[in-house]
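S.K.: Predicted structure and sequence below. I'll ask about it afterward.
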Amino acid sequence: DTEVTQTPKHLVMGMTNKKSLKCEQHMGHRAMYWYKQKAKKPPELMFVYSYEKLSINESVPSRFSPECPNSSLLNLHLHALQPEDSALYLCASSLRDGGYGYTFGSGTRLTVV
Amino acid sequence: QQQVKQSPQSLIVQKGGISIINCAYENTAFDYFPWYQQFPGKGPALLIAIRPDVSEKKEGRFTISFNKSAKQFSLHIMDSQPGDSATYFCAASYNQGGKLIFGQGTELSVKP
């Protein structure tokens, strides 16, 4: 298995909703990442988990809450989002923390209404 | 110093032509330079990558040229095809910190 699987593929949520994005990989990678991507822009790093511990939080607002239940799973919990949070949310993994050999998922297209 | 500058922002090439995208960096600690290809609605996919001890790497129609002294690297797509139409991102990273620094992207359109 050489994939990073993200669910759901599309999500529409209201500003008062609570929802979660899920990411799964079975490649034995020990680093997992959340990125946010706006249209026609590069991905922006949000969080890095290394060996299931949060190692980088790029000053992301607390309405985004990451969780790494085990080495194969990564969640992003969403609460009280704003319309400007609408974007493509990408999960990625790599063998270890360090930027080498990233594998990205196809992303979740999030729309906040 | 953490930036990677990419040009051009958009590129139109005729089928069969050569597409060339350029990137420049400042941080000499970078030691890994990948290129990603992204189709609409999909995540970026690793296309080809190079380390600074090599001046050129070729995989099929895709070649990375690397100039360490100039701190520049480029992607050449030979015999460009309409299926190559996508957004291309150069990136850089080093062995610590977990960060992949992306260029701003180039939207490539290959006309039949």
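M.R.: Now that the structure is in, tell me what you want to look at.
S.K.: In contact with residue 69, which residues?
M.R.: In the absence of a named chain, this looks at chain A. By C-beta atoms under 8 Å, 6 or more residues apart in numbering or on different chains, residue A:69 lies in contact with residue A:75. For every residue, glycine as well, the C-beta is placed using N, CA and C.
S.K.: what's the distance between it and residue A:3?
M.R.: Remark: distance between residue A:69 and residue A:3 (C-beta to C-beta, to the nearest Å) = 19 Å.
S.K.: go on, residue B:109?
M.R.: 28 Å.
S.K.: quick one: average pLDDT of the host helix or strand of residue B:91?
M.R.: Using DSSP states H and E, residue B:91 falls within strand B:86-92. The average pLDDT for strand B:86-92 rounds to 97.
S.K.: Contacts for that strand, please.
M.R.: Strand B:86-92 is touched from outside by A:40, A:42-43, A:99, B:4, B:6, B:21, B:23, B:25, B:27, B:30, B:32-39, B:44, B:47, B:73, B:75, B:100-103, B:105-108, with contacts defined as C-beta under 8 Å, 6+ apart.
S.K.: Can you flag the buried ones in those residues?
M.R.: Neighbour counting with 16 or more other C-beta atoms under 10 Å in any protein chain shown marks A:42-43, A:99, B:4, B:6, B:21, B:23, B:25, B:30, B:32-38, B:44, B:47, B:73, B:75, B:100-103, B:105-106, B:108 as buried within these.
S.K.: On the strand side of things, show who residue A:57 bridges to.
M.R.: In this entry, residue A:57 is beta-bridged to residue A:47, by DSSP bridges.
S.K.: number of nearby residues for it?
M.R.: Neighbour count of residue A:57, defined by other C-beta atoms under 10 Å in any protein chain shown: 14.
S.K.: mind checking how far the residue nearest the centre of chain A is from residue B:63?
M.R.: In chain A, the centroid-proximal residue (C-alpha atoms, centre = their mean) is residue A:34; its distance is 3.1 Å. Distance, residue A:34 to residue B:63, using C-beta to C-beta: 32 Å.
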